[in-house]
Each structure stands twice: as C-alpha cells, then as structure tokens.
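okay, here's the prediction I keep looking at, along with the sequence it came from:
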Amino acid sequence: MNYYDIMFYIFAAITLVSAWFVVTTRNVIYSAFFLLFTFFGVAGIYVLLAADFIAVVQIMVYVGGILILLLFGVMLTNTITNVDIRTGASNLLPASIATGILMGAVVSVMWYTEWKIQPTAAPNTTIKELGRLLLTDYVLVFELLGLLLLVALIGAASIARREKE
Amino acid sequence: MYQFFFDLTGNVIISTLAVALVPLICILLVTLFGVWLERKVSAWMQDRVGPNRIGPYGIFQTVADFIKMLQKEDAVSSEIDGVLYNIAPVLVFAGSFAAFAVIPFAATIIGSEIEVGLFYMLAVSSFVVAGILMGGWSSNNKYSLLGSMRSAAQIVSYEIPTALVVLSMVMLTGTLSLTQISELQTSSFWHWNIFGGPGWELSKFLLIPFMVVGFIIIFISTLAEVNRTPFDIPEAESELVAGYFTEYCGMKYGMFMLAEYGNMFAVSLLVSVLFFGGYQSPVGYLGKTFGIEWLVSLEQFGWFFAKGWFFIFVQMWLRWTLPRLRVDQLMTLCWKYLIPYAVINLVIIGIISLL
C-alpha cells in the first residue's frame, strides 16, 4: 500500500463516517456541520482522481455556498434548534423497499456496465481543456444552465420581496 | 520546494511536513510582530507610546503574551456545546492556513503549484466562514451568535466583488496559477499589472486606470473579508464584546488570532500577486548580477514579505483612521457600489484585452 492508497482511505473514511453521522444524529445543526466534512472528503477524493478543478468547485459551491445558506436557515429559524428532529424509523417497509430498489439499480449498473478501462496518464492541466469544451461542444447546455440559475435567482428575489397586502 | 526537501531527507512524509512548516512559521511570525505593530501603530496615531517594556521598543511584548496565553487555564462555560466549541478554532485556523499552500513566496518556495491556485484560495476561505458560524453557535452566547452571523453574511457578500476582480485579472493573464501570474510581471516595476502588465502596446496604457479601479475594489473587499475596521461589525467591541470569539480564552482564542492575522497576510499577498508583481523585485536582483542562485530566491522572499507587510500596515492605518460602518451601509457599499463597478470593470478589461 503506497501513500496514494493511504490518502484515499483517509478521505473515504472521512466521507463515510461523517455521512453516517449526518443521517443518524438527532440535532439538525450537527447534521449540517457533519455535511461539511462529507463535502471535504469528497473533494479530497476528486483531487486523488486528478480532477483538481472539480474538487475546488465542490468546496466553493457546496461548502462556501449551500452549506453556509443551510446553516443560516437553521440558525435564524429560532424554534428549530430547540426541537429534536426525529430521526427514528417511520414508514419502515415502504422506505426499505424504495431504498432497496435504488441500491439494486446502482449496484447492477456498477456490476454490468462494461467500463472502458485504459491506462492513461493523469492530465496535467484540466482547466484549459475544460473551458474549451464548455464554450464549444457543450455551449448550449452551459447557456441553458446559466438561464436556469438566472430564473431561480429572479424567483428567489421576487419571493423574498413580496409585499404584504 | 518539495523536491528539495525530498532530496535532502529521502522521506515522503517528512518532506511534506517540512513544506507545510514554512507557511506555518510565516504565520506565527506575522502574528507575533503583526500584533506588536498594530499596538505600536495605534499608539503612534493616538500620540501614545505603546508597548515599551520587553525588548527594544517593546518588540518582544507579544512573545511574552503568547507564552502567557499558552499557560492559561482553559476556562469554559458549562452551557457550551463541547464538541463544536473545540473544533471551531481549529477549523478557522485550518481554513486560513490552507490558503498558504498555493502562495508562491519565491519562484522556488511554493507549497503546491496547482493550476487552479487562485480559485483554490477563494474556495478554502469558506472553511473559515463555517468555522466562525460553528464557534458562534456553540458558544451559546447571543453576542457570539450575532457576531458570527454578521461575519458570515459579510464574508459571503464581499466574496463576490473579490471574485469579479480576480476574474478580470484571470482574463487578462490567461492563467489561474499564482506562480505564472507572478512570472508574467517580471524584471521591472512597470511590468506589474497595476501598470498594465508587460509589453509596450497601446492597451497597456489604456488598462492603467481600470487596473487602479480593480485594485481599489479588491483591496476594500478583502479588507471586509478579513473583518477589519471599517468593516469590523462582526467583532464590534462597543456592541458585541468581541463577536464570535467572546467565549474563548487561552490558546483557543490564540488560534482565532492566528487565523485573523494569517488571513490578513494571505489577502495582502494575494493583492500583491495580482497587481504588484508578487515576489518579483521592482528593480533587479543582486543574485542574478553575481550569478548566485540561492540569493535570488532569498531576495524574492524578502520582496514578497516587504509587499505583504506594506499592505498589512495599510490595513492597520485604515483601522485607526476610519470609523466603523453600519450593517446597512456595509451591504449598500457591497451590492450597490462595488459589485456594479467590478462588473463594468470586468467588461472594459475584457474589451481592452481583446484589442
């Protein structure tokens, strides 16, 4: 086992352990903070896969944006911190059927897909190629995503500014 | 730098730790002498003497304070949230320390030459925000919570003008790597980005006013991101005691201080990389004249530190000159002035760089 593998197992352990606590802990603030470590672990795995840009975007968007918003929402809702959110088992049968089907689908996709594996060197610079692809081959998807975000932004602003009649 | 330590020791773990030690020592020194300088600058501005007992001009005052802080009993309130309360200072410091991984102190002294260095620096600062929220909430104190809320809101808002100015610089230089941006501004001070970058085309002269605007915007917004006066409402002494670290004492408080001064130093270095040539000397190198390789690195290190210290001094200067902004004024400045100006600046720089 070399250092690369050790680093991988450290990040995998961080991700899995904190994800476990996210779903099992009873305090919603704890869940939010454990989510921070989950995002961090996933970013570390991205780095090990030589996708440095994706890793940084992961931290920027999820930790810097979504997690902070989540924490703000939780902390400014003053009744939520005093109430234990129930994390006990409810609707056990339908939930286990649904998650079982989902897990079966994921595992079978992993198992039966013929992955095209070929040894290649990790790309030294990802960001130039990524930018070129985004503005040539995938420009329509890129623009549509931008439009979607703009719509969401305008919607959020109009909901927040709605005046009481 | 990693290769140098690897050749020296031949061990992966030891050389990695040695690379990480360089910025850590820098942060410690900057904090020790930054706190001393802050007290001296404030004293001079208010016509006082400042610390003057330990060492010449009281220069070892903060060293003594630091030793005292290490020995202090860790007094904690019984109503706090134990786990998060203890993680928060570590997380805040880790966030500010992680930014130093990509800062090139000299052409050869750099932790990691990743391609997305600039973007990485902006991203890891979000760990600081999460740590501040964690500390403020777990202290179970209304002043702490209010301070951390204000701090997070401020950092998140002022990230936008910072990112817009960084984006315009990335457009101009065509790279996200801090080393390459420094290398482009080589040899003389009129090649620095504040003077329009290298070359003698027409666009260089057209760029100068917009570079100055960009520099002012990023300086104001990074000042707000590190919670310094006039943007220090998160720790406004007259309203909130000390903001998010009210309940902390001893070395945990020391960690917050280290993070604050580390952040100040990091943003000063970021501004000097983007606009003032990074580690490049404004005139030339003695080492290159005499053909001594290691002297060049040393000189670059010295120049970079000098630029960083200059901007830290300007931050202190502003702190003891300007009054604090109100919350609404703070948000007005960011959203109604800095962001529109930064967007217009971005468009104009884009048009000029296409010429």
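In hand now; what should we look at? Numbers count the residues shown, from 1 in each chain, chains lettered A, B, ... in the order given.

and chain A, what are its domains?
A:1-86, A:124-165 (automatic domain parsing).

next one: chain B
Split by automatic domain parsing, chain B gives B:1-71, B:75-354.

can you lay out the domains of chain A as a markdown table showing distance to residue B:335, mean pLDDT and mean neighbour count?
For glycine as for every other residue, the C-beta is placed from the backbone atoms N, C-alpha and C. Converted to a markdown table, these look like this (distance: least, C-beta to C-beta, whole Å; pLDDT from 0 to 100; neighbours: other C-beta atoms under 10 Å in any protein chain shown):
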| stretch | distance to residue B:335 | mean pLDDT | mean neighbour count |
| --- | --- | --- | --- |
| domain A:1-86 | 17 | 82 | 16 |
| domain A:124-165 | 12 | 85 | 10 |
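
find the nearest non-adjacent residue to residue A:10, please.
residue A:44 (7.8 Å; C-beta to C-beta, 6 or more residues apart in numbering or on different chains).

outside of the helix or strand hosting the one you found itself, list whatever touches it.
Per DSSP states H and E, residue A:44 falls inside helix A:28-48. Contacts to helix A:28-48, defined as C-beta atoms under 8 Å, 6 or more residues apart in numbering or on different chains, come from residues A:4, A:7-8, A:10-16, A:18-19, A:21-23, A:25, A:52, A:54-56, A:58-59, A:62-63, A:67, A:70-71, A:74-75, A:80-81, A:85, B:84, B:127, B:130, B:134, B:137.

following it, which helix or strand shows up next?
Next along from helix A:28-48, by DSSP H and E: helix A:52-58.

now do that following helix: distance to the chain's middle.
12 Å (C-alpha atoms, centre = their mean, to the nearest Å).

what angle do the next helix or strand after that helix and helix A:28-48 make?
The helix or strand immediately downstream of helix A:52-58 is helix A:68-76, counting by DSSP H and E. Here the directions of helix A:68-76 and helix A:28-48 differ by 170 degrees (axes from the mean of the first three to the mean of the last three C-alpha atoms, to 10 degrees).

what pLDDT does the residue nearest to residue B:235 when sequence neighbours are not counted get?
Nearest residue to residue B:235, sequence neighbours excluded (C-beta to C-beta, 6+ apart): residue B:243, at 3.2 Å. You'll see residue B:243 listed with a pLDDT of 76.

could you check how far residue B:243 is from chain A?
Distance of residue B:243 to chain A, given as C-beta to the nearest C-beta, to the nearest Å: 15 Å.

burial measure for that residue, as a count.
Neighbourhood size, residue B:243 [other C-beta atoms under 10 Å in any protein chain shown]: 26.

quick one, what contacts it?
B:136, B:143, B:144, B:146, B:147, B:148, B:150, B:151, B:227, B:234, B:235, B:236.

among those, which one lies nearest to residue B:173?
Residue B:173 has its nearest neighbour among those in residue B:227, at 29.0 Å by C-beta to C-beta.

residues contacting the closest one?
B:151, B:154, B:155, B:234, B:235, B:243, B:260.

so which of the residues you listed is the closest to chain A?
Distance to chain A across the contacts of residue B:227 (C-beta to the nearest C-beta) is lowest for residue B:155, with 8.8 Å.

looking at it, the closest one is touching residue B:225, isn't it?
Yes - between residue B:155 and residue B:225 a contact is recorded at 5.3 Å, counting by C-beta atoms under 8 Å.
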